[in-house]
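K.L.:
next come a sequence and a model predicted from it.
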Amino acid sequence: MSSQDAAVFEFIERVDGHASIDALLDDLLQVVAGFGFEHMIYTGLPAGDGSIAPLVKTNRFPEDWWNLYVEGDYARTDAVCQQVFSRVEPFVWDEVDPRLSARDGAARIAGEAAEHGLADGYVVPLFSRDEWLSVMSFGGPDKLLLSPRDRGAINLMAIYTSSVIERRERRQPERGRLTAREREVLLWTSAGKSCWEISVILNVSEQTVRFHTAQIRTKLNASNTTHAVVRALQQGEITLGQLADQLGDIR
């Protein structure tokens, strides 16, 4: 076994023993430095017009770059980000579909990333309890030369690291993201009511209902109403009993 292989398995053995997520990430970055990485991020990906900012779980990308990425809403144009939506297996950034790289703004984003020490990287799609699609992305300042063995090792570390983060977040659940009125709007929408009908039922303007609907999709990272209902059920924002009651109210 090579020293690099040993470092990977030693990391896996101690992955769940760190006192904090920051300590875990410090350890991870020290090990993946042997593969050419200096930075990483673990995040959900936005659906529709949603922002990536509230979906980030852990972030060790350069702060200046990340601020620029969020402020410019780069996730919509970034070829690496867009590649994940059509490719479920891990990939090196340089393996992105040329058609995505040719889109307006994609080359500029890649160039700006390189200026911030992210010239190349590697993406591992992962399961997340909160987001419909999540990734752990590693980046570094130089061109990567990863063997199949290297990729397998990085995949394994990403899976173990994300698993620890997910378990620890589950022990400390967040408060509900939706307001009481947003839940009410979502339940009526799931029952097949239009924005105008909901506005009459709740005695508010139709514009207000549309605003709440947009807020619901953003908070739940949902691409449409059906997706929002599914994610709200998954996250405990609404219950099957509430849905059944709402459907009963319209019979």
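P.N.:
It's in.
K.L.:
pull the contacting residues for residue 66.
P.N.:
By CB atoms under 8 Å, 6 or more residues apart in numbering, the residues touching residue 66 are 41, 59. (Glycine included, C-beta is placed from N, CA and C.)
K.L.:
tell me the confidence at it?
P.N.:
pLDDT recorded at residue 66 is 95.
K.L.:
same question, the one 10 residues further on
P.N.:
Model confidence at residue 76, given as pLDDT, is 91.
K.L.:
same question, the one 10 residues further on
P.N.:
Note for residue 86: predicted pLDDT of 83.
K.L.:
test my guess that it contacts residue 99.
P.N.:
No - using CB atoms under 8 Å, residue 86 makes no contact with residue 99, being 10.1 Å away.
K.L.:
now do the strands in this protein.
P.N.:
Secondary structure of the chain (DSSP state E): strands at 39-44, 56-59, 91-92, 120-126, 134-140.
K.L.:
packing partners for the first one?
P.N.:
Strand 39-44 sits against helix 21-32, strand 56-59, strand 134-140, helix 148-171, with contacts defined as 3 or more CB pairs under 8 Å, 6 or more residues apart in numbering; DSSP states H and E.
K.L.:
go with 6 Å
P.N.:
strand 56-59, strand 134-140 (3 or more CB pairs under 6 Å, 6 or more residues apart in numbering; DSSP states H and E).
K.L.:
returning to what we had before: for residue 206, find the nearest of the strands of the chain.
P.N.:
Of all the strands of the chain, it is strand 39-44 that lies closest to residue 206, at 30.7 Å by CB to CB.
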